[in-house]
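Participant: only geometry, no sequence info:
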């Protein structure tokens, strides 16, 4: 798609008059560029990609502003990988532009390249860039390295950089970091001295009501905490909390700093209470009874009672974020209750919407169909766990439930709070895939908090035959399943990878690619503890299928390290050979296919995985939110999934959260 922003081209000026004319043209182009972005705000997430594809290269190479503006826009939208791509090209044209360097370093940090960001920022400092932004970013890099490794030299470097930034620029951000890190280094006198100066700066700023923002007030709270004045700290943390507008990311950042300080001093219960982030709620519950249900479980007569009990749990936990599906009955009641409190609601639907209406809503009547429509419109996010129809496959309900669990756990870790399951349940253990009983049983195995709303106590007047076997409810979708002889379906972990620069290999290098690269890869596979169920290559592309997520993730990291640590130049291949690796998980079909006569794997989730990999950054391992959610739900203590941002797929195929998968204690 070509984007016309009415650029006005010009040639290289050769005298003063032409220089003035060129500058005028450039200013006009910048004005048009900004105006275009402003008029496309409603679709900006896609428009910035179309702008990038259609840009006038002859104009962009003359002015860094275009790279900076587009990168800043992408960064604000959470598209860290795309931001990095923009700035990498911008850096090639404007290697000495400070803002491009700073933004590029920030994108590297967000994408998980701490070591590269550190080298870039160190070079900027050596070149005399001692502004608060540059020194603060480098201080952040070393602080992150300290948090990962626990090694005090990183902590010392971080404190010294923040201290230098504070000396040069007198900004309260660098000052409070220098103060808090000094306390963590057990340099109490330095910490107190810095905290007192920070308080003076902040109180001077707060004389102007326009400066009364969250960060300034939270900084005052932290400065008082460093000084041991807990009551004053609680007071200003409370003021900051009042301005947070439920921005849980801000609160999580502040809480993380409080928890770090808490390892070196006592933190009052009052401060912890004021800055508490409510637990993230996962919800599951029974549907409204179908008309042909023999023994009542959730008759329509107890809707108000169930609703009251759900409200009680939401009030108890002060819930602000919830994850659930949206079937008639318990799910919709939960979503309505959360939305009435202006809380964030994230909905996971197991398959396409028409079939979901048929299986889980329509039998309850038009009122529930309308209520579903309303909660979907008001939802913060809606994720279809898989594309395609139900076809009578309850595996899709099970997969959707696992995503709800995993997303809840991921979000709670990101926001430094706990996940809690609220379940409307009759207490009966059943083997039905994707049902409430299975959800509760799986959650209980994780030893995480759970609140049960016992539906039996609410529907006692309506139960006639308590011991009678419950007849399975019928749904219209079941009759649509077409039986196939040999095709099976299961949830599998998928790995796609390709070499960066493969298309630029010279003809005479391909024998070395086959004889060295592929042989090294094959040898590694034979020796690896993590065996794929299926493996395939075409050109430079790798496609592996694994039974479990942990094996897939650990092999991906092994593959990353293999490429990184091999001296490819000695193999007559490019010295900077690198690899992109993308991971996904989902229900796939598999069978012994008739052409190659071997088991192969098919389905939209294979396509999904294949779309993710080409637009990830080389040198790290990235995964879809589904993969990260299911992996973290399994509680692998040696692996972490770190949120990177949003990727927008080409040709408007959608946008997806993306995570970096790494070992817990490694610095990448």
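Facilitator: Perfect, thanks for sending it. From a predicted model like this one, the values you see are computed outputs, not experimental measurements.
Participant: now do the strands in the stretch 551-668 of the chain.
Facilitator: Under the criterion DSSP state E, counting those that start in this stretch, the stretch 551-668 of the chain contains strands at 578-593, 598-602, 621-624, 639-648, 655-663.
Participant: show me where pLDDT drops low in the chain?
Facilitator: Applying pLDDT under 70 to the chain picks out residues 1-26, 459-483, 636, 649-654.
Participant: quick one: the strands in it, in order.
Facilitator: Assigned by DSSP state E, the strands in the chain fall at 280-285, 321-324, 344-349, 381-384, 419-425, 450-454, 488-500, 534-538, 541-546, 578-593, 598-602, 621-624, 639-648, 655-663.
Participant: ok, how many other residues are close to residue 279?
Facilitator: By other C-beta atoms under 10 Å, the residues close to residue 279 number 25. In short, each C-beta sits where N, CA and C put it, glycine included.
Participant: OK, contacts around it?
Facilitator: For residue 279, the contact set (C-beta atoms under 8 Å, 6 or more residues apart in numbering) comprises 317, 319, 412, 417, 418, 419, 420, 449.
Participant: now it: closest residue in space that isn't a chain neighbour?
Facilitator: Residue nearest to residue 279 in three dimensions, not counting chain neighbours: residue 420, with 4.3 Å by C-beta to C-beta, 6 or more residues apart in numbering.
Participant: what does residue 558 give?
Facilitator: According to C-beta to C-beta, 6+ apart, the nearest residue to residue 558 is residue 528 (6.1 Å).
Participant: any idea how far that neighbour lies from residue 588?
Facilitator: From residue 528 across to residue 588, the span is 22 Å (C-beta to C-beta, to the nearest Å).
Participant: which stretches of the stretch 201-350 of the chain form helices?
Facilitator: 214-226, 230-242, 248-261, 269-274, 303-317, 330-340 (DSSP state H, counting those that start in this stretch).
Participant: mean neighbour count and distance to residue 579 for those - can I get that in TSV?
Facilitator: Below are the helices of the stretch 201-350 of the chain laid out as TSV (neighbours: other C-beta atoms under 10 Å; distance: least, C-beta to C-beta, whole Å):
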stretch	mean neighbour count	distance to residue 579
helix 214-226	24	39
helix 230-242	19	44
helix 248-261	18	32
helix 269-274	16	44
helix 303-317	17	44
helix 330-340	23	42
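Participant: using CSV, please lay out these together with distance to residue 84.
Facilitator: Shown next, in CSV, are the helices of the stretch 201-350 of the chain (distance: least, C-beta to C-beta, whole Å):
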stretch, distance to residue 84
helix 214-226, 26
helix 230-242, 32
helix 248-261, 20
helix 269-274, 37
helix 303-317, 38
helix 330-340, 35
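Participant: and of the ones you listed, who's closest to residue 141?
Facilitator: helix 248-261 (16.4 Å; C-beta to C-beta).
Participant: now the angle between strand 280-285 and that closest one, please.
Facilitator: Comparing the axes of helix 248-261 and strand 280-285 via axes from the mean of the first three to the mean of the last three C-alpha atoms, to 10 degrees yields an angle of 120 degrees.
Participant: and helix 248-261, what does it pack against?
Facilitator: Helix 248-261 sits against helix 172-184, helix 214-226, helix 230-242, with contacts defined as 3 or more C-beta pairs under 8 Å, 6 or more residues apart in numbering; DSSP states H and E.
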